[in-house]
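[1] please find the sequence and the predicted model below.
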Amino acid sequence: MNSEVKTLRTVKRLVRGQETADGDGVRLTRVIGTHQLLQLDPFLLLDDFRSDNPDDYIGGFPPHPHRGFETVTYLLAGQVEHRDNAGHAGVLKAGGVQWMTAGRGVVHSEMPMQENGLLAGFQLWVNLPAAQKMIKPHYQEFDQASIPQEVRDDDVVVRVIAGETSLGTRGPVVDLATPVTYLDITLPAGRSFSESLPDGYNTFVYLIEGEVTIDDGTLTAQSLAELGEGEAVEITAASSSRLLLVAGEPLNEPIARRGPFVMNNEAELTQAFEDYQAGRF
Ligand code: FE
C-alpha cells in the first residue's frame, strides 16, 4: 500500500478489560482506568458497554459531575438521552458521537433507552491540559451520517471520528485542546490495515470483536494493545474484526484524580468538591 519503509509500532503491552458496574448498576467492561492500566496519557478511562439485556443498563447514569477533562461517548447500538445543568440536552443515537469538554464543570445525566433491547458503545475520557481544565464546558455532537466513512481498496472500512487519515479523510470533531485521532475500523478476515500516526502520540488498539495481529502480538476481543513508538501501525485480521484505533498527544502533566474530577494536584481536587457541593458548577 505504501512503498516507503516505515518503522512499525509494536505491542508494548496487552490488557484485558475488567467487568465492573458504574452509575446506577450499569454493567460494563473497563479497559482503561483499572488497577492494571490506570491511565494511558492523555486517556484516563475507556469503558465498553454492550448488552442485549436492558437490566444491565437501564438504570443509566443519573446526574453526576465532571471537571477537568472530556468524555467521549461513541454509540454502536441503542440510544442515550443526555441532559446537563446548563440546559443542554439531546439523544445520542447509534453510530453517533458526543465529545463533551467538561472543562470547569458539568453536571449531567446519561440515560440509555431501549432499542430492540440492545445497547452498545464506548466512553473514553481524554485529559485536558492544565491551562484548559477550567474552560467553559462545550460539546461537539455528530450523528451517524456526519461521520465520514473511508472504504479502502481491500474492503477495509474506516470511520473517522477525530483526526485525519493518510488518505485525507478528516473526522468532524476538531479544535481539540488535547489532539486525538479516533478511528473505528472494520477488517474482513485476512486483510490488513496500515496507517501513519502522528509522531509521539500514545496509541492503543481496542478490539471490539474478532482477532487481529499487530507485529508479533495477538489481540482477542475486549482486549487493548498499547503500542510502542513508531511511524505507522499495521493490523492484520485473523478473523473478521472490528476495532478502535485511538492515538493522542500525551500531556506529561501530574494527575490528581478522584471519581469524576481529574485535576493536577490535591488542592484543585478539594476545590472541585467544594465548588460542586456549593452548586458552583
Ligand atoms: Fe458523565
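    Good, I have the coordinates. Numbers count the residues shown, from 1 in each chain.
[2] tell me what the helix or strand hosting residue 31 is packed against?
    Residue 31 belongs to strand 26-32 when assigned by DSSP states H and E. Applying 3 or more Cβ pairs under 8 Å, 6 or more residues apart in numbering; DSSP states H and E, we find strand 26-32 packed against strand 18-22, strand 43-51. Glycine gets a C-beta too; all of them are placed from N, C-alpha and C.
[3] which stretches in this protein count as helices?
    For the chain, the helices defined by DSSP state H occupy 266-277.
[4] what is the nearest residue to residue 217 once chain neighbours are set aside paired to in the beta sheet?
    Spatially, and ignoring its direct neighbours in sequence, residue 217 is nearest to residue 11 (3.3 Å; Cβ to Cβ, 6 or more residues apart in numbering). Beta-bridge partners for residue 11, by DSSP bridges, are residue 227.
[5] now do residue 243
    Beta-bridge pairing of residue 243 under DSSP bridges involves residue 185, residue 207.
[6] that one and residue 87: what is the separation?
    36 Å (Cβ to Cβ, to the nearest Å).
[7] higher neighbour count, the two?
    Per other Cβ atoms under 10 Å, whichever of residue 243 and residue 87 has more neighbours is residue 243, with 26 against 6.
[8] coming back round to it: what's around the residue nearest to residue 217, how many residues?
    So residue 11, with other Cβ under 10 Å, has 17 neighbours.
[9] who touches the residue nearest to residue 213 when sequence neighbours are not counted in this structure?
    By the measure of Cβ to Cβ, 6+ apart, the closest residue to residue 213 outside its immediate chain neighbours is residue 236, 5.1 Å from it. For residue 236, the contacting residues are 187, 190-193, 212-214, by Cβ atoms under 8 Å, 6 or more residues apart in numbering.
[10] which ones among those map onto strands?
    Counting by DSSP state E, the part of the contacts of residue 236 found in strands is 187, 192-193, 212-214.
[11] tabulate those residues (CSV), appending pLDDT and distance to residue 54.
    Below are the ones in strands among the contacts of residue 236 laid out as CSV (pLDDT from 0 to 100; distance: Cβ to Cβ, whole Å):
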residue, pLDDT, distance to residue 54
187, 98, 31
192, 97, 38
193, 97, 34
212, 98, 31
213, 98, 36
214, 97, 35
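[12] neighbouring strands - and their directions - for the strand holding residue 31?
    strand 18-22 (antiparallel), strand 43-51 (antiparallel).
[13] which residues does it contact?
    Here strand 26-32 has contacts from 15, 17-22, 37-40, 43-49, 51, 56-57, 59-61, 112, 124-125, 204, 206, 222, 224, using Cβ under 8 Å, 6+ apart.
[14] one step back: would you show me how to pick out the buried ones of the contacts of residue 236 in ChimeraX?
    Typed into ChimeraX, the line below selects the buried ones among those, using 16 or more other Cβ atoms under 10 Å:
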select :187,191,193,212,213,214
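[15] quick revisit: quick one: buried residues of the strand holding residue 31?
    For strand 26-32, by 16+ other Cβ under 10 Å, it's 26-32.
[16] swap in stretch 85-94?
    By 16+ other Cβ under 10 Å, the buried positions in stretch 85-94 come out as 92, 94.
[17] the residue most central in space within the chain and residue 71, how far apart?
    For the chain, the residue nearest the mean C-alpha position is residue 124 (3.1 Å; Cα atoms, centre = their mean). Distance from residue 124 to residue 71, counting by Cβ to Cβ: 8 Å.
[18] same check on residue 242?
    Distance of residue 242 to residue 71, given as Cβ to Cβ: 22 Å.
[19] list the contacts of the nearest residue to residue 273 once chain neighbours are set aside.
    Spatial nearest neighbour of residue 273, chain neighbours left out: residue 261 (7.2 Å); criterion: Cβ to Cβ, 6+ apart. Applying Cβ under 8 Å, 6+ apart, we find residue 261 in contact with 65-68, 269, 272-273, 276.
[20] turn the residues you listed into CSV, including distance to residue 130, pLDDT and neighbour count.
    Below are those laid out as CSV (distance: Cβ to Cβ, whole Å; pLDDT from 0 to 100; neighbours: other Cβ atoms under 10 Å):
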residue, distance to residue 130, pLDDT, neighbour count
65, 19, 98, 19
66, 17, 98, 25
67, 13, 98, 26
68, 9, 98, 27
269, 13, 98, 19
272, 14, 98, 27
273, 19, 97, 14
276, 19, 97, 18
